[in-house]
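Trainee: sequence unavailable; structure follows:
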């Protein structure tokens, strides 16, 4: 496996735990014709999560018309990522990012993030 592929795998959430990882590796070893598994061989869901974890916004995947829209999009994605990292613990997330809890609650409501909570 290339270092890029390994890095992407380490940034993935793995909701199926080790069993999901084991099945993916077995499938990739069988299905990849090359000697080495590269980042491009990984499923799109893993590549997408790796990009988000690396705080990269893929070129061409977003369209904004103003600085304000870009700032709001970034803030929404940032808050969602931090909330998920902290298992939607509002107090812990607010402390980690340096916001008052009430301010974080307001932003969650403003961006409609409560609908994304799983």
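Mentor: Cool, got the structure. Values in this document were obtained by computation on a predicted structure and should not be read as measured data.
Trainee: list the buried residues in stretch 105-118.
Mentor: Burial within stretch 105-118, assessed by neighbour count using 16 or more other C-beta atoms under 10 Å, is assigned to 107, 108, 111, 113. Heads up, the C-betas are built off the backbone N, CA and C, glycines and all.
Trainee: lowest-confidence helix or strand of the chain?
Mentor: Every helix and strand in the chain was compared by mean pLDDT, DSSP states H and E; the lowest is helix 44-53, with a mean of 75.
Trainee: can you spell out which helices and strands pack onto it?
Mentor: Under the contact definition 3 or more C-beta pairs under 8 Å, 6 or more residues apart in numbering; DSSP states H and E, helix 44-53 sits against helix 3-11.
Trainee: can you pull the contacts of residue 92?
Mentor: residue 86 (C-beta atoms under 8 Å, 6 or more residues apart in numbering).
Trainee: how far away from the center of its chain is the one helix or strand it maps to?
Mentor: For residue 92, the element it lies in under DSSP states H and E is helix 90-97. The chain centre lies 18 Å from the centre of helix 90-97; the measure is C-alpha atoms, centre = their mean, to the nearest Å.
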